[in-house]
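Participant: Generate coordinates for the sequence data below:
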Amino acid sequence: MIPVSDPKRGMTALKEEIMSAVSRVVDSGWYILGGEVSAFEEQFAKYIGVKHAVSVASGTDALTLSLMALGIGPGDGVITVPNSAFPTAAAISRAGGRPLFVDVGKNSRTMNPELLEKFLKSDGIEKERVKGIIPVHLYGQPADMDAIKAIAEMARKDDLFIIEDCAQAHGALYKGKKVGTLGDIAAFSFYPTKNLPALGDAGIVVTGSDDLAEKVKALRNYGQSERYIHDDVGMNSRMDDIQAVVLGLRLKKLDTDNDRRREIAKMYTENIKGDFVLPQEMEYAHHVYHLYVMETEKREALIDYLKDVGVGFGIHYPRPIHLQDAYRALGHKRGDFPVSEKLSDTVISLPLFPELTDDEVFKVIDFLNRF
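Facilitator: Numbering: from 1, shown residues only. Model prediction:
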């Protein structure tokens with residue numbers, strides 16, 4: 001079996017360094033929000049090019065705490081896309097807000113700025129209750145941030161915040177700038193299959209705002225401004241030092257790993273033939289291919305075939321968020337967001353991770369071309 005992803009390969013390659021670093025943490029006696037966490041926060045902030053990086057327990061928490069720091073409350077609307085991982089919308093709900101959706105572009109698969117503009121100009125929404133926008137940099141491809149920010153400013157001047165969902169785009173560039181530097185605040189996930197993976201769940205919030213950084217620091221630790229003094233309710237969302245040392249080691253390899261992902265994606269794009277819609281890299285983007293997602297009208301037949309020949313695959317995502325039972329109360333129906341719905345019916349992700357060998361890549365290509 002050629003797996004669609006294999007976190008073990010990357011971690012095994014660094015096993016001696018990881019075990020040495022973990023031993024250092026064990027010997028320190030400080031296991032949560034210790035010196036290793038602080039060191040990684042500084043390292044990641046420098047890499048992204050922002051003033052502050054605040055570590056948390058997961059990518060979902062990173063989004064949730066960002067929304068809480070920005071003051072989202074009951075009934076406040078936050079615009080995002082239905083073509084994303086469910087946690088994007090779940091974070092809005094967890095913070096007390098209400099997810100609002102605009103569809104994605106057919107080629108970019110990220111937020112369609114024209115539809116965002118149409119939504120913000122429509123008469124059917126309570127504009128005073130729309131507080132912000134979460135563009136998702138999906139599959140490793142940045143959303144069109146200049147267009148999104150320009151539309152937000154035109155529609156509402158400066159009172160619409162922008163949170164970048166960077167969970168799948170570590171190291172991706174938008175017009176030469178790293179994602180995470182383009183909005184008011186940004187959230188990253190370090191789930192084990194991400195471009196920058198931890199040994200478990202972990203996440204981080206980045207921002208240039210002193211005020212937002214301090215709010216997130218307090219909120220991740222029960223809302224404490226100082227020990228046992230609580231200004232807000234907050235939550236328990238703290239990174240442990242073992243994850244921090246692993247992430248510090250993996251961060252040193254991130255650009256090299258992303259280059260390998262791009263190399264594999266190029267092999268796929270240049271050699272896969274047949275009736276497939278292959279991913280497009282937008283002209284403004286430096287795509288880091290967290291996933292290589294193509295489209296086919298014959299997905300069920302392809303799935304059966306790939307199972308038979310031993311090629312792993314993923315479906316990201318089989319049901320758009322607006323059609324999930326969890327959001328039935330929002331009242332959406334099939335046809336509301338046709339591009340996202342079409343993608344959910346046709347997308348399939350091919351094996352792609354830095355340790356995938358050329359031989360495995362060309363076996364996948366050969367199988368697809370035989371299909």
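Participant: use CA for all of it now, contacts and neighbours both
Facilitator: OK.
Participant: hey, where'd the strands end up in the stretch 251-371 of the chain?
Facilitator: Here the stretch 251-371 of the chain has its strands, by DSSP state E, counting those that start in this stretch, at 285-286, 292-295, 347-350.
Participant: Leu173 is nearest to which of those strands?
Facilitator: Ranking the strands of the stretch 251-371 of the chain by proximity to Leu173 (C-alpha to C-alpha) places strand 285-286 first, at 4.8 Å.
Participant: Spatially nearest residue to Ser340 (excluding sequence neighbours)?
Facilitator: Asn83 (5.2 Å; C-alpha to C-alpha, 6 or more residues apart in numbering).
Participant: Report the separation between the one you found and Val339.
Facilitator: Distance of Asn83 to Val339, computed by C-alpha to C-alpha, to the nearest Å: 9 Å.
Participant: same thing with Ser20?
Facilitator: On the measure of C-alpha to C-alpha, Ser20 and Val339 end up 48 Å apart.
Participant: More neighbours: those two, which one.
Facilitator: Taking other C-alpha atoms under 10 Å, Ser20 and Val339 do not tie; Val339 has more neighbours (17 against 12).
Participant: show me the contacts for the more buried one.
Facilitator: Applying C-alpha atoms under 8 Å, 6 or more residues apart in numbering to Val339 gives the contacts 103-106.
Participant: Distance to Pro142 for the strands of the stretch 251-371 of the chain - can I get that in a markdown table?
Facilitator: Formatted as a markdown table, the strands of the stretch 251-371 of the chain follow (distance: least, C-alpha to C-alpha, whole Å):
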| stretch | distance to Pro142 |
| --- | --- |
| strand 285-286 | 6 |
| strand 292-295 | 14 |
| strand 347-350 | 18 |
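Participant: Need the residues that contact whichever strand or helix holds Ser23.
Facilitator: Assigned by DSSP states H and E, Ser23 belongs to helix 15-28. Helix 15-28 is contacted from outside by 11, 31, 36, 241-242, 245-246, 249, using C-alpha under 8 Å, 6+ apart.
Participant: Buried residues of it, list them for me.
Facilitator: 18, 21-22, 25 (16 or more other C-alpha atoms under 10 Å).
Participant: Closest one to Glu283 out of the residues you listed, please.
Facilitator: Proximity of the buried residues of helix 15-28 to Glu283 (C-alpha to C-alpha) peaks at Ile18, which lies at 37.8 Å.
Participant: What confidence value was assigned to that closest one?
Facilitator: The model reports Ile18 with a pLDDT of 97.
Participant: Just flag the most distant two among the contacts of helix 15-28.
Facilitator: Met11 and Tyr31 (20.5 Å).
Participant: who does the particular helix or strand that has Ala213 in it touch, helix- and strand-wise?
Facilitator: With secondary structure defined by DSSP H and E, Ala213 is part of helix 210-219. For helix 210-219, the elements it packs on are strand 52-56, helix 59-69, strand 203-207, judged by 3 or more C-alpha pairs under 8 Å, 6 or more residues apart in numbering; DSSP states H and E.
Participant: Can I get the last one in CSV? Just the C-alpha atoms.
Facilitator: If I follow you right, that is strand 203-207. This file holds the C-alpha atoms of strand 203-207, laid out as CSV (Å, rounded to 0.1, in the frame of the first residue of the first chain):
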residue,chain,number,x,y,z
GLY,A,203,-1.6,24.8,17.4
ILE,A,204,-0.5,28.4,17.5
VAL,A,205,-1.9,31.9,17.1
VAL,A,206,0.2,34.6,15.4
THR,A,207,-0.5,38.3,15.3
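Participant: Taking strand 52-56 as reference, get the angle to that strand.
Facilitator: Orientation of strand 203-207 against strand 52-56 (axes from the mean of the first three to the mean of the last three C-alpha atoms, to 10 degrees) gives an angle of 160 degrees.
Participant: Setting the sequence-adjacent residues aside, check what's closest to Pro3.
Facilitator: For Pro3, ignoring the flanking residues on the chain, the nearest one in space by C-alpha to C-alpha, 6+ apart is Gly312 at 4.6 Å.
Participant: residues contacting that neighbour?
Facilitator: 1-4, 306, 350-351.
Participant: run the last query once more with 6 Å
Facilitator: 2-4 (C-alpha atoms under 6 Å, 6 or more residues apart in numbering).
Participant: Need those in CSV (columns: pLDDT and secondary structure).
Facilitator: Listed next are the contacts of Gly312 as CSV, based on pLDDT from 0 to 100; DSSP: H, G, I helix; E, B strand; the rest coil:
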residue, pLDDT, secondary structure
Ile2, 98, strand
Pro3, 98, coil
Val4, 98, coil
